[in-house]
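S.K.: can't give you the sequence, but here's the structure:
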């Protein structure tokens with residue numbers, strides 16, 4: 001499965017002077033990267049690939065890593081559940097690029 005998720009704190013003195021939550025997001029991304037699962041982070045979401053239980057455990061740990069930065073945490077999650085398929089975090093993009101006529 002591939003999960004795309006975004007996690008951010010709210011409530012309390014959580015943001016940098018410019019309103020950014022980059023320190024909280026960095027705490028979550030550290031958890032994801034330490035997991036060893038295939039992952040990718042963009043400006044809005046982090047994608048993670050693996051089996052259901054291992055992916056959800058990482059999402060939970062990443063959410064918990066953000067908790068100290070505010071009084072509540074917002075989690076947005078989208079999942080592509082396709083049993084029997086692996087390597088889709090890159091495979092889906094490769095197929096898209098081929099469809100667009102690029103390598």
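M.R.: In hand now; what should we look at? The shown structure was predicted, so the numbers you read here are calculated from the model rather than taken from an experiment. Numbers count the residues shown, from 1 in each chain.
S.K.: Report pLDDT for the residue positioned nearest the centre of the chain.
M.R.: Centroid-nearest residue in the chain: residue 46, 2.6 Å away (criterion: CA atoms, centre = their mean). On the pLDDT scale, residue 46 is placed at 98.
S.K.: Just give me the neighbour total for the closest residue to it other than its chain neighbours.
M.R.: Among residues not flanking residue 46 along the chain, residue 32 sits closest, at 5.6 Å (CB to CB, 6 or more residues apart in numbering). In short, each C-beta sits where N, CA and C put it, glycine included. Residue 32: 23 surrounding residues under other CB atoms under 10 Å.
S.K.: Spell out which residues sit in contact with residue 32, please.
M.R.: By CB atoms under 8 Å, 6 or more residues apart in numbering, the contact set of residue 32 is 39, 41, 46, 48, 58, 62.
S.K.: excluding its backbone neighbours, what's nearest residue 86?
M.R.: residue 49 is the one closest to residue 86 (CB to CB, 6+ apart), at 7.4 Å.
S.K.: Could you double-check that that neighbour sits in contact with residue 4?
M.R.: No. Applying CB atoms under 8 Å, one finds residue 49 not in contact with residue 4, separated by 10.2 Å.
S.K.: So for these two, which sits in the more crowded spot?
M.R.: residue 49 (21 against 17).
S.K.: Specify the beta-bridge partners of the more buried one.
M.R.: In this structure, residue 49 bridges to residue 2 when assessed by DSSP bridges.
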